[in-house]
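Q: turn this into a structure:
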Amino acid sequence: MSYSLVDQKAEQSIHTLFSFLKTDSDKIMFGHQDSLSYGIGWNYADNPEKTNSDIHRVCGDFPAVFGWDLGHIETGSAQNIDKVPFDEMRKNIQKAYKMGGIQTISWHPTNPITGGNTWDTSVRVLEKILPGGEHHHTFTQWLDTIADFILSLVDEKGAAIPIIFRPYHEHTGSWFWWGDALCTREEYIDLWKFTISHLRDTRNCHNLLYCYSSDKVTSEEQYLAKYPGDEWVDILGIDVYDFPHQGVDYKKVLPECLAILEKIGREKQKPHALTETGNLCVEPETWWTQSLLKLTQPFNIKWFLVWINIEDAQYYGPHPQNKSADDFVAFYKHPKTAFLKDLISD
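A: Numbers count the residues shown, from 1 in each chain. A predicted model of the protein is given here:
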């Protein structure tokens, strides 16, 4: 199988992972954000020697794809945006990789101009952090902090753990400081290219696949409006949440978005995935089989990842007390879905 990676010096583990993602499969891998770090009624500190997960508590298996986030590492904080210590995150990434899982990392950085959070869109940022900008040196130091963490992700033999890195996501919306209304096409592309060049060429991080991930779109043109080019992207992604409280018609929007994503993915011969999704507190009892599975089953996406289970009022995966737990077991048993045991047995 022929393919070209963004990083021509990529570790063999990256070639192995990418080749796996390029292989045709009739299954979709299930992913969950921070699955080993916390859940409803527990967190990593309760029993640090035990491997826990709300997903495992419901179905007896772990996700195939484990999501993590580096937000706040750039500030020197010991904990990420969801209060997970980075030392603990590193251990859990190593643990999940040893178990046989696939790792994907996003980044919700603070606003480098104001010091506000990722959602602070009060000023235009990109022109000030790109080369020549007054905050470029600071931003470069931020990327060095990212690189230091990435380079620390090694297995028991000291080999680099392969990571799918998904920066500057949901850029087709305007709620993050790199969002659509906050920068030009050229600025976003320059940010993407500078980030990769610094990690890959300056810091020699050769254990990364790079995932370009939009929010929901209505056309190929919108999805590709700030696309940096095939040579700068390994994987295509899209984030689509089932948010009826925000007026989202998930059963209409998700298939439309996946059809756009799949068409582009086939044309560019790149793996593609539903990189974030979920229903807040999983309100419909049959959401897993009658919404997520039914809507994604016709498509050849590689994985779907649901977001965090951080508190009783904010969770996207099942947990034993959630009324969708039985439906999730049916979802787990369906031949279309793949979990950790499926990866291990392949």
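Q: how about the secondary structure of residue 326?
A: When classified by DSSP: H, G, I helix; E, B strand; the rest coil, residue 326 comes out as helix.
Q: what number of residues lie near it?
A: Neighbours of residue 326 under the rule other CB atoms under 10 Å: 14. C-beta coordinates here come from the backbone N, C-alpha and C atoms, glycine included.
Q: tell me the spacing between it and residue 153.
A: Per CB to CB, to the nearest Å, residue 326 is found 36 Å from residue 153.
Q: ok, residue 132 next?
A: For residue 132, the distance to residue 153 equals 32 Å [CB to CB].
Q: okay, these two: which has more neighbours?
A: Shown here are residue 132 and residue 153; by other CB under 10 Å, residue 153 has more neighbours (21 against 8).
Q: what sits closest to the more buried one if chain neighbours are left out?
A: Nearest non-adjacent residue to residue 153, counting by CB to CB, 6 or more residues apart in numbering: residue 161, 4.4 Å away.
Q: who's in contact with the one you found?
A: Contact analysis of residue 161 by CB atoms under 8 Å, 6 or more residues apart in numbering lists 13, 93, 94, 97, 103, 153, 154, 155, 207.
Q: do the same with residue 278
A: By CB under 8 Å, 6+ apart, residue 278 lies in contact with 241, 242, 306, 307, 316, 317.
Q: compute the first-to-last residue distance for stretch 4-21.
A: 13 Å (CA to CA, to the nearest Å).
Q: same question, stretch 310-327
A: Start-to-end span of stretch 310-327 (CA to CA) is 21 Å.
Q: what sits up against it?
A: Identification of contacts with stretch 310-327 by CB under 8 Å, 6+ apart yields 32-35, 38-41, 54-55, 57-58, 82, 277-282, 284-290, 306-309, 328.
Q: just the buried residues from these, in ChimeraX please.
A: In ChimeraX syntax, the buried subset of the contacts of stretch 310-327 is picked out as below (16 or more other CB atoms under 10 Å):
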select :32,33,34,35,38,39,40,54,55,57,58,82,277,278,279,280,282,286,287,288,289,306,307,308,309,328
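Q: in helices, which of the contacts of stretch 310-327 appear?
A: Of the positions in those, 54, 55, 57, 58, 287, 328 sit in helices, assigned by DSSP state H.
Q: the fourth one is in contact with residue 328, isn't it?
A: If I follow you right, that is residue 58. Yes: in this structure, residue 58 is within contact of residue 328 by CB atoms under 8 Å, at 5.4 Å.
Q: can I get the contacts of residue 278 in TSV including distance to residue 203 and pLDDT?
A: Compiled in TSV, the contacts of residue 278 are given as follows (distance: CB to CB, whole Å; pLDDT from 0 to 100):
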residue	distance to residue 203	pLDDT
241	33	98
242	38	98
306	31	98
307	29	98
316	33	98
317	33	98
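Q: please identify the buried residues of stretch 77-92?
A: For stretch 77-92, the neighbour count (16+ other CB under 10 Å) marks 80, 81, 82, 84, 86, 88, 89, 90, 92 as buried.
Q: save the contacts of residue 278 as CSV, and put in distance to residue 75 too.
A: Formatted as CSV, the contacts of residue 278 follow (distance: CB to CB, whole Å):
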residue, distance to residue 75
241, 27
242, 32
306, 27
307, 22
316, 26
317, 28
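Q: tell me, how many residues neighbour residue 158?
A: With other CB under 10 Å as criterion, residue 158 counts 6.
Q: and it, how far from residue 17?
A: For residue 158, the distance to residue 17 equals 18 Å [CB to CB].
Q: mind listing what's buried along the longest helix along the chain?
A: Across the chain, the longest stretch assigned as helix under DSSP H is helix 250-268. Going by neighbour count (16+ other CB under 10 Å), the buried part of helix 250-268 is 250, 253, 254, 255, 257, 258, 260, 261, 262, 264, 265.
Q: ok, the last one - contacts?
A: Residues near residue 265 by CB under 8 Å, 6+ apart: 236, 271, 272, 300.
Q: I'd assumed residue 259 was in contact with the third one.
A: No: using CB under 8 Å, residue 272 makes no contact with residue 259, being 11.3 Å away.
Q: mind listing the strands for this protein?
A: Remark: strands assigned in the chain by DSSP state E are 28-33, 38-39, 42-43, 65-69, 102-106, 163-166, 208-215, 235-239, 272-277, 303-306, 309-311, 314-315, 337-338.
Q: buried residues in stretch 211-220?
A: Across stretch 211-220, burial judged by 16+ other CB under 10 Å covers 211, 212, 213, 214, 215, 216, 217.
Q: and what of stretch 161-180?
A: For stretch 161-180, by 16+ other CB under 10 Å, it's 161-172, 176-180.
Q: OK, contacts around residue 292?
A: By CB under 8 Å, 6+ apart, the contact set of residue 292 is 242, 277, 304, 331.
Q: quick check, pLDDT for residue 1.
A: Per-residue confidence (pLDDT) for residue 1: 41.
Q: do the same with the one 4 residues further on
A: On the pLDDT scale, residue 5 is placed at 97.
Q: wait, residue 261 sits on residue 238?
A: Yes: contact criterion CB under 8 Å: residue 261 and residue 238 qualify, at 5.0 Å.
Q: shared neighbours of the two, anything?
A: With CB under 8 Å, 6+ apart as the test, residue 261 and residue 238 both reach 223, 272.
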